[in-house]
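*Asks:* when you get a sec, could you give me coordinates for this:
(chains A and B)
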Amino acid sequence: MSTPDLADALEDRAALVASRAASRRFAEQHRLGAAWRWADTALVGLETADAEQVARRATLLLEDSAWVRALLAPMMRALDGDRWFEPPWRVQRDGPRLGAVIYEHPALTITGTLLTHIPGAAPTARLVVPGRLSVVRYQRGSGRVLLWRTEAAGPDFAAASAPPIVPIGAVALRDGLVRRIDGRTHAQAIEGAERDLVMLTATIHAGAAPFAREYDRASGKLLRVATLDHAAARAQLLLGFLRAAGRTEAAPAFAAATEAPAYFLRWAAMREWLALDARAALPRLRAMTEDANAEVRQAARTMLPTVEAMLECRD
Amino acid sequence: MGLFGIDLAEIVELGTQVAGTGALRAGEAIADDVFEMVVGIAMLVYELDPH
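*Replies:* Sure thing, here's the model as predicted:
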């Protein structure tokens, strides 16, 4: 839309109000629609199923082109008839990638992605092993998807001993292709596309790896690790805040976090506690010299004599 | 014996540095974890000092 067109449109207040009301009505009806209810029925009983069971059902759903059309068509029609229509989706734009959550269920999330074709774009230099099993339908597919594989990351994954990622081949893409990618062990990159790509991705919640990992494509070496444990990440942030706010009365929260299942949270909590109140943290620091995780044990054993000496000087 | 905290820079870190959720974007899932965390912090700040 050109700038004068936009200015005119923004002045047409009645049209904007009507569009907002229509968008709200659509959002209210969206989850009551046939396509949404069909998916709910297809996934019934899978709320606590394992990743394999959910992936099989997701594959059947995404292979059903009539269902895909039924899910998308009402919104396409609404967008076609009203440029101010707001689909009831969470949307994310990231460079040439435009994504939106189009269906949610306790067992999986289906996102729609438009990847704009940029002729001559440089191939990606970094590869992400996202940590979750997914099933992808290439609604509009061209080019090929290159694949890499590495070992699964367990809860005690250590960067120092991480094996590299290695290329394992490529699969040609075409319209309507549905294929599974195990993001717990695999990374992918699409290259050679001749036009925009449109994908529907069912990301399976069950059986997720503890971490997402990023690798250097050229060398295959591990670059970065990020947790997929939302609660642990949130706890780490909040403990940092409590330390910064000087909340010594939160000692029970620090103590509990030093016994969390996620090893990186145990040590992150100890670091924050030592920075807040080293004397209160000392007994747990001593106990952590026998932690189940080797990196935590090593860190605690390194810090213990230092902390004891510092406290002795102050007593 | 007063309160004594150690400078964070003097406390060793693990060999494996683990970033928070959403730090790596694979383009497959939409993550608004950062937003949720900001809301979490805002709620905590409010609870500590509602006025």
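*Asks:* going by C-alpha atoms from here, please, whenever you check contacts or count neighbours.
*Replies:* OK.
*Asks:* the longest helix along chain A - what's its average pLDDT?
*Replies:* Using DSSP state H, we find that the single longest helix of chain A is helix A:263-288. In this model, helix A:263-288 carries a mean pLDDT of 97.
*Asks:* list the helices and strands it packs on?
*Replies:* Under the contact criterion of 3 or more C-alpha pairs under 8 Å, 6 or more residues apart in numbering or on different chains; DSSP states H and E, helix A:263-288 touches helix A:230-244, helix A:251-257, helix A:294-314.
*Asks:* return the set of buried residues in that helix.
*Replies:* For helix A:263-288, the buried set under the neighbour-count rule, 16 or more other C-alpha atoms under 10 Å in any protein chain shown, comprises A:263-282, A:284-286, A:288.
*Asks:* which sections of chain B are below the confidence cut-off?
*Replies:* Scanning chain B for pLDDT under 70 picks out B:1, B:22-23, B:25-41, B:43-44, B:47-48, B:50-51.
*Asks:* make it 80
*Replies:* Applying pLDDT under 80 to chain B picks out residues B:1-2, B:20-51.
*Asks:* all strands of chain A, in order?
*Replies:* Using DSSP state E, the strands of chain A run over A:91-94, A:97-105, A:108-115, A:126-129, A:133-140, A:144-149, A:166-172, A:177-182, A:186-191, A:197-204, A:211-216, A:222-227.
*Asks:* got the angle for the longest helix of chain A vs helix A:294-314?
*Replies:* Helix A:263-288 runs at 50 degrees relative to helix A:294-314, counting by axes from the mean of the first three to the mean of the last three C-alpha atoms, to 10 degrees.
*Asks:* roughly how far out does helix A:263-288 sit from the chain middle?
*Replies:* Offset of helix A:263-288 from its chain centre (C-alpha atoms, centre = their mean, to the nearest Å): 29 Å.
*Asks:* how about the residues of the stretch 151-300 of chain A by chain B?
*Replies:* By C-alpha under 8 Å from any C-alpha of the partner chain, the residues of the stretch 151-300 of chain A that approach chain B are A:158-160, A:201, A:203, A:212-214, A:224-230, A:233-234, A:237-238, A:241, A:264, A:267, A:271-272, A:274-279, A:295-296, A:299.
*Asks:* contact partners for A:W36?
*Replies:* Residues counted as contacts of A:W36 (C-alpha atoms under 8 Å, 6 or more residues apart in numbering or on different chains) are A:H30, A:L71, A:Y103.
*Asks:* how about a cut-off of 10 Å?
*Replies:* By C-alpha atoms under 10 Å, 6 or more residues apart in numbering or on different chains, A:W36 lies in contact with A:H30, A:A42, A:W67, A:A70, A:L71, A:I102, A:Y103, A:E104.
*Asks:* would you turn those into TSV with neighbour count?
*Replies:* TSV is the format used below for the contacts of A:W36 (neighbours: other C-alpha atoms under 10 Å in any protein chain shown):
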residue	neighbour count
A:H30	18
A:A42	14
A:W67	17
A:A70	15
A:L71	20
A:I102	20
A:Y103	18
A:E104	16
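*Asks:* can you put the strands of chain A in CSV and add distance to A:L16?
*Replies:* CSV is the format used below for these (distance: least, C-alpha to C-alpha, whole Å):
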stretch, distance to A:L16
strand A:91-94, 20
strand A:97-105, 23
strand A:108-115, 26
strand A:126-129, 41
strand A:133-140, 32
strand A:144-149, 42
strand A:166-172, 44
strand A:177-182, 39
strand A:186-191, 39
strand A:197-204, 29
strand A:211-216, 42
strand A:222-227, 42
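*Asks:* got CSV for the ones you listed, with mean pLDDT too?
*Replies:* Below are the strands of chain A laid out as CSV (pLDDT from 0 to 100):
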stretch, mean pLDDT
strand A:91-94, 79
strand A:97-105, 88
strand A:108-115, 92
strand A:126-129, 94
strand A:133-140, 95
strand A:144-149, 96
strand A:166-172, 97
strand A:177-182, 96
strand A:186-191, 94
strand A:197-204, 94
strand A:211-216, 94
strand A:222-227, 93
